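Asks: Sequence below, structure please.
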Amino acid sequence: MSLADRCVLISGAGAGVGRGMALACAAAGAHVVIASPGENGEATAELIRSRGGAATWARCDVTDADQVRAAVATADERGSLAAVVHNAMARRSVAGPLADPDFTVLDEHVAVTLRGTYHLATAAFESLRKGRGTLILLTSAAGLEGSPTGAFYPTVKAATRGLTKSLAMEWGPAGITVNCMSVLVDSAAVQARFAREPEERERVGRIIPLGYLGEPETAVGPVAAFLCSDAARYMTGQTIVVDGGRYMGL
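Replies: The predicted structure follows:
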């Protein structure tokens, strides 16, 4: 599980799930590059350093290919690039029937989730090939089973699984593993949803067999660190669900 002398780049790690994964990977010994467009990326890096870890913030919007290449270059300077984790997500996820679509929302989801994956994958391929590294993408339960409203979000999250499998097959001969994580934890995004829809808090509590929402650092972080390590070398093309048992349909 050790990530000593290695570098892990995580997009969207300024807060929430991304920050939790960054903290766990740093605790495992990695130098973590926080690829985030906002100043909270530096806050995550400072938190890691305050715990004795190593971290660098690289200002990065994943929809901008030049910024992605610069972030990967920053990671290359910090050590062997062991993993790239694409956690960034679109800011807007508007619920509503597909019969009344707002295609600007779809465009943002595609740009961040799908085109962002393309930018990260192409920029990091050579570095990951040299280090026999890994690419980890983030999906969600909506991408596994759909959603009755806001179809754009589950659409791109389902597409993420297709990308994972396709890249796993294409990159396998190069020694690169590619996996996907579906997570449900007590993040800022979840709390925002509870604020909008108070009844959701009780409903989510009922449908999680373990009975509680895990914390990003302690629930998702160790799984991400495992996938970034040599211990997961024989796993590729898989979707790992970390949600307290919320989804069991695999």
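Asks: centroid residue for this protein?
Replies: Nearest to the geometric centre of the chain sits residue 87, at 2.4 Å (C-alpha atoms, centre = their mean).
Asks: measure it to residue 22 for me?
Replies: Residue 87 sits 9 Å away from residue 22, going by C-beta to C-beta, to the nearest Å. C-beta here means a position set from N, CA and C on the backbone, and glycine is covered the same way.
Asks: Touching both of these two, which residues are there?
Replies: Residues touching both residue 87 and residue 22 by C-beta atoms under 8 Å, 6 or more residues apart in numbering: 10, 13.
Asks: quick one: the helices in the chain?
Replies: In the chain, the helices defined using DSSP state H lie at 16-27, 40-50, 65-78, 103-109, 116-131, 141-145, 152-171, 188-196, 199-207, 221-228.
Asks: Other residues contacting the worst-scoring helix or strand of the chain on mean pLDDT?
Replies: Sorting the helices and strands of the chain by mean pLDDT, DSSP states H and E puts helix 188-196 at the bottom, at a mean of 78. Residues from elsewhere that reach helix 188-196 (C-beta under 8 Å, 6+ apart): 15-16, 89, 184, 200-201, 204, 213.
Asks: now these as JSON lines including distance to residue 225, pLDDT and neighbour count?
Replies: Converted to JSON lines, these look like this (distance: C-beta to C-beta, whole Å; pLDDT from 0 to 100; neighbours: other C-beta atoms under 10 Å):
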{"residue": "15", "distance to residue 225": "18", "pLDDT": "94", "neighbour count": "18"}
{"residue": "16", "distance to residue 225": "17", "pLDDT": "94", "neighbour count": "22"}
{"residue": "89", "distance to residue 225": "21", "pLDDT": "89", "neighbour count": "24"}
{"residue": "184", "distance to residue 225": "19", "pLDDT": "92", "neighbour count": "23"}
{"residue": "200", "distance to residue 225": "30", "pLDDT": "75", "neighbour count": "13"}
{"residue": "201", "distance to residue 225": "29", "pLDDT": "78", "neighbour count": "14"}
{"residue": "204", "distance to residue 225": "26", "pLDDT": "80", "neighbour count": "19"}
{"residue": "213", "distance to residue 225": "20", "pLDDT": "91", "neighbour count": "21"}
